[in-house]
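> fold the following, please.
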Amino acid sequence: MLGGTEFVGRALVDEAVGRGHEVTTLNRGTRAPEQAQVTARHGDRRQPGGLDALTGEWDVVIDTWSSDSYVVSDSVEALKDRVDRYLFVSTRSVYEFPAPVGGDESAPLVEGDPEAGRDGSEVPYGEAKRGSEMAVERVFGDRYVHVRAGLILGPWENIGRLPWWLGRVARGGDVLAPGPEDLPLQYVDARDLAIWTVSAAEKGLSGPFDLVSPPGHTTMGEFLRTCVEVTASDAVLRWAPPELIEQAGIEPWTELPVWIPPGPDHAALHLSDPAKALAAGLHNRPVAETIGDTWAWLQSVGGQAPQRPGRPQPGLDPEKEAEILRTLKS
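Sure thing, here's the model as predicted:
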């Protein structure tokens, strides 16, 4: 497991250890794996000699790298004769944007370069992931799986999307709720991603798979009402039409995490077709379980989720929210 101490990586390690697999992790050593059964090795994959600690042979490697493609290129070269299969946790951002409504693994892909970032240049997220996929493909042939995840939620989230909503709702009072209420949402719980990915390794699956729930697995209304329920908050959801939110200059996705108004951008993120992954065993737990377990985890860590370095904190400024709430009341 390349990584394995935070969010998706942690969920993957938990699942593999829980099934009795022998797990080795490689990370920079800034955080130790919490599972006593794990063999922890340290190395910075960006630095010369960063992979030297990987001595041995393994059946499978799972890689969650999300930045410069050359790092994955170096990893596959180092492991090509000592690993049977390579599973790369990728993203649906590898598809040309906006992806078509009902798009699947056959949708057009962005350009990628397996060596991207080696010269120090900044690489867009989707292109970096696609370049990493290409690096895996050219070395491992058909002995790979690309786990192309959509929006990922669940306990240990270090991006801050669901934690922000839970924190905001828990504070109570009038809460700006971006509509429409029946707007379909599509995501995957990190633990369901982990269950599917470890199973894919055990089954010897190959190729790309879009890991996300069916469209409408939940809605914006159910999502926010569940946040109110699990926090036992006195929050009152004040629904605003997308047009009013746009007029107020509020940014979808960043200032109002998870939410994107109806249109091509929403269709690309929340209306894809995950039939291939579902046929291969993907199960998506109810949204109430994802949100409830995330709230319980937040309480266990003092109510403040860890923030992934280099990623901006999502969420809406309270004064900006108050202003649009006043508009709604008038």
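> got any ranges where the protein has weak pLDDT?
For the chain, the stretches flagged by pLDDT under 70 are 30-36.
> apply 50 and report the result again.
When the per-residue scores of the chain are filtered using pLDDT under 50, no range remains.
> which parts of it are helices?
In chain order, the chain shows helices spanning 7-18, 69-79, 125-140, 161-171, 190-203, 220-231, 242-247, 264-270, 275-279, 287-300, 318-329, with DSSP state H as the criterion.
> include mean neighbour count and distance to R311 when you put the ones you listed into CSV, please.
For glycine as for every other residue, the C-beta is placed from the backbone atoms N, C-alpha and C. Converted to CSV, these look like this (neighbours: other C-beta atoms under 10 Å; distance: least, C-beta to C-beta, whole Å):
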stretch, mean neighbour count, distance to R311
helix 7-18, 22, 11
helix 69-79, 21, 18
helix 125-140, 22, 11
helix 161-171, 22, 10
helix 190-203, 21, 16
helix 220-231, 21, 21
helix 242-247, 15, 23
helix 264-270, 20, 18
helix 275-279, 17, 26
helix 287-300, 18, 17
helix 318-329, 13, 21
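> could you dump those helices to JSON lines with distance to G50?
Converted to JSON lines, the helices of the chain look like this (distance: least, C-beta to C-beta, whole Å):
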{"stretch": "helix 7-18", "distance to G50": "17"}
{"stretch": "helix 69-79", "distance to G50": "8"}
{"stretch": "helix 125-140", "distance to G50": "16"}
{"stretch": "helix 161-171", "distance to G50": "30"}
{"stretch": "helix 190-203", "distance to G50": "24"}
{"stretch": "helix 220-231", "distance to G50": "40"}
{"stretch": "helix 242-247", "distance to G50": "44"}
{"stretch": "helix 264-270", "distance to G50": "33"}
{"stretch": "helix 275-279", "distance to G50": "32"}
{"stretch": "helix 287-300", "distance to G50": "31"}
{"stretch": "helix 318-329", "distance to G50": "42"}
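> so which of these is nearest V60?
In this view, these are compared for proximity to V60 by C-beta to C-beta, and helix 190-203 is the closest at 4.5 Å.
> same for that closest one, what does it pack against?
Counting contacts by 3 or more C-beta pairs under 8 Å, 6 or more residues apart in numbering; DSSP states H and E, helix 190-203 is packed against helix 7-18, strand 58-63, strand 83-91, strand 144-149, strand 152-153, strand 207-211.
> any chance of those in CSV, plus distance to L185?
As requested, the helices and strands packed on helix 190-203 are arranged in CSV below (distance: least, C-beta to C-beta, whole Å):
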stretch, distance to L185
helix 7-18, 19
strand 58-63, 26
strand 83-91, 17
strand 144-149, 15
strand 152-153, 10
strand 207-211, 15
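> can you say which of the ones you listed is nearest to T327?
strand 152-153 (29.5 Å).
> which strands and helices sit next to that closest one?
Identification of packing neighbours for strand 152-153 by 3+ C-beta pairs under 8 Å, 6+ apart yields strand 188-189, helix 190-203.
> what's the longest one in contact with?
Applying C-beta atoms under 8 Å, 6 or more residues apart in numbering, the external contacts of helix 190-203 come out as 7-8, 11-12, 14-16, 19, 21, 59-60, 62, 85, 87, 89, 145, 147, 149, 152-157, 209, 211, 277, 280-285.
> need the contact list for P114.
Counting by C-beta under 8 Å, 6+ apart, P114 touches 69-70, 72-73, 131-132, 134-135, 138.
> need the residues you listed in TSV with distance to G310, can you?
Supplementary listing: the contacts of P114 in TSV, determined by distance: C-beta to C-beta, whole Å:
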residue	distance to G310
S69	17
Y70	18
V72	18
S73	21
G131	19
S132	17
M134	24
A135	22
R138	28
